[in-house]
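Peer 1: can you look at this prediction? I've put the sequence above it.
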Amino acid sequence: MSVDGPAEPMVPGKDGTPRARAGRNLPAALGVGVALGGLAIVTLFTVKATFLIYLAAAVAIALWELSRALGTRDISLPLVPVAVGGTAAIALAYWWGERALVACVAITMIVILAWRLPAGTVGYLRDVTAGAFALIYLPLMAGFVSLMLAAPDGSRRTLLFLILGVCSDIGGYATGILIGRHLMAPTISPKKTWEGFGGSALACLVAGAVALPLLLHGAVWQGLLIGAAALLAATLGDLTESMIKRDLQIKDMGSVLPGHGGVLDRIDSLALAAPVVWLLLLAFIPVAGQG
């Protein structure tokens, strides 16, 4: 989640810890970010299948946060079938591929339709639509991370994906704090600036151009294209989640990650970037038997 805007001096919070003008507890945010990144690297480069646990846990918490947020508008998300079916989809994508992912998502949608029947007709369409949205927005998108991970070089593919997401966030946040002046979408995200977007763009392009050749022996121009595509998808993901929060009239989806908000606030940009990066990597660096 990128948070950027007009630069302001660092000020101490009520507890004495330094906070940027965006309201983040920066030491806490840095510590949480390092811990999450370290856990990702450890799981990716030891027993890579354990990254699926990490991924599924993040999706489950994000679904819970989304369910609570929707509840403020009397929308009852069918959380159990979405969470169970979503977890199965993430696992099946890794072990059996994209066909299993699609089939599992479709079957989960059928279960959602049936699950909501006993609660009556009032709000039926509203609730099952919320279930369909949640299923596509989080588990399906996470399934593409599983597909990346399943490749023989999947640890490096997934690491590239994470690097691009982190660079988009950090580039936008740092540049927005330092020189952000011109609001990008004030009615959607009042602190997101065009200068911050430029910082995200620079960081993503450089990361793609450097990381793709180093990790997967791709060409620099391919890295630039993947970086640009990830940037656009991540920015859309950030704006989409901001739009959801504006619609629900809430500030953050949760508070489980100090300095970051909720898990969904952290993975909003990664969610939409996942299928884009997976597809471009498949096109540029084909997996044996899939190219």
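Peer 2: Nice, I can see it.
Peer 1: next helix or strand past the strand of greatest length in the chain?
Peer 2: Longest strand in the chain by number of residues (criterion: DSSP state E): strand 189-193. Past strand 189-193, further along toward the C-terminus, the next helix or strand under DSSP states H and E is helix 194-216.
Peer 1: from the contact counts, what lies against that next one?
Peer 2: Contact partners of helix 194-216 among helices and strands, from 3 or more CB pairs under 8 Å, 6 or more residues apart in numbering; DSSP states H and E: helix 154-179, strand 183-185, helix 220-248. C-beta: built from backbone N, CA, C; applies to glycine.
Peer 1: pull out the buried residues from stretch 50-62.
Peer 2: F51, L52, L55, A56, A58, V59, A60, I61, A62 (16 or more other CB atoms under 10 Å).
Peer 1: residues contacting the fifth one?
Peer 2: When contacts are counted by CB atoms under 8 Å, 6 or more residues apart in numbering, A58 is found next to A142, V263, I267.
Peer 1: let's have the helices and strands packed on helix 194-216 in TSV, adding mean neighbour count and distance to V111.
Peer 2: Output for the helices and strands packed on helix 194-216, formatted as TSV (neighbours: other CB atoms under 10 Å; distance: least, CB to CB, whole Å):
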stretch	mean neighbour count	distance to V111
helix 154-179	23	29
strand 183-185	19	36
helix 220-248	20	24
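Peer 1: can you give me how far stretch 85-98 is from the chain middle?
Peer 2: Distance, stretch centre to chain centre, for stretch 85-98: 18 Å (CA atoms, centre = their mean, to the nearest Å).
Peer 1: mind listing what's buried along that stretch?
Peer 2: For stretch 85-98, burial by neighbour count (16+ other CB under 10 Å) applies to G85, G86, T87, A88, A89, I90, A91, L92, A93, Y94, E98.
Peer 1: is the second one in a helix, a strand, or coil?
Peer 2: Using DSSP: H, G, I helix; E, B strand; the rest coil as the criterion, the local structure at G86 reads helix.
Peer 1: and it, what is it in contact with?
Peer 2: A56, V59, A60, L63, T108, L135, L138, P139, L140, A142.
Peer 1: 7 Å - rerun?
Peer 2: G86 sits next to V59, L63, T108, L135, L138, P139 when contact means CB atoms under 7 Å, 6 or more residues apart in numbering.
Peer 1: what is the nearest of the residues you listed to A273?
Peer 2: L138 (13.4 Å; CB to CB).
Peer 1: was I right about the closest one contacting V59?
Peer 2: Yes - assessed by CB atoms under 7 Å, L138 is found in contact with V59 at 5.1 Å.
Peer 1: where does the chain dip in pLDDT?
Peer 2: Along the chain, the model assigns pLDDT under 70 to residues 1-29, 258-260, 288-291.
Peer 1: switch to 50 and redo it
Peer 2: The chain contains residues with pLDDT under 50 at 1-22, 291.
Peer 1: contacts made by stretch 217-235 with the rest, please.
Peer 2: Outside stretch 217-235, the residues touching it (CB under 7 Å, 6+ apart) are 164-165, 168, 197, 200-201, 204-205, 207-209, 211-213, 269, 272-273, 276-277, 280, 284-285.
Peer 1: leaving out the residues flanking it, which one is nearest to Q249?
Peer 2: Using CB to CB, 6 or more residues apart in numbering and skipping residues adjacent in sequence, the residue nearest Q249 is T72, 7.6 Å away.
Peer 1: torsion angles phi and psi at the one you found?
Peer 2: Backbone torsions for T72, taken as degrees, to the nearest 10, come to phi -70, psi -20.
Peer 1: just the endpoints, please. Distance across stretch 174-191?
Peer 2: Start-to-end span of stretch 174-191 (CA to CA, to the nearest Å) is 12 Å.
Peer 1: give me the neighbour count for the residue nearest to Q249.
Peer 2: If you count neighbours by other CB atoms under 10 Å, T72 ends up with 10.
Peer 1: if we can go back for a sec, export the contacts of A58 to JSON lines and tack on neighbour count, distance to D238 and secondary structure?
Peer 2: Shown next, in JSON lines, are these (neighbours: other CB atoms under 10 Å; distance: CB to CB, whole Å; DSSP: H, G, I helix; E, B strand; the rest coil):
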{"residue": "A142", "neighbour count": "26", "distance to D238": "17", "secondary structure": "helix"}
{"residue": "V263", "neighbour count": "23", "distance to D238": "15", "secondary structure": "helix"}
{"residue": "I267", "neighbour count": "24", "distance to D238": "11", "secondary structure": "helix"}
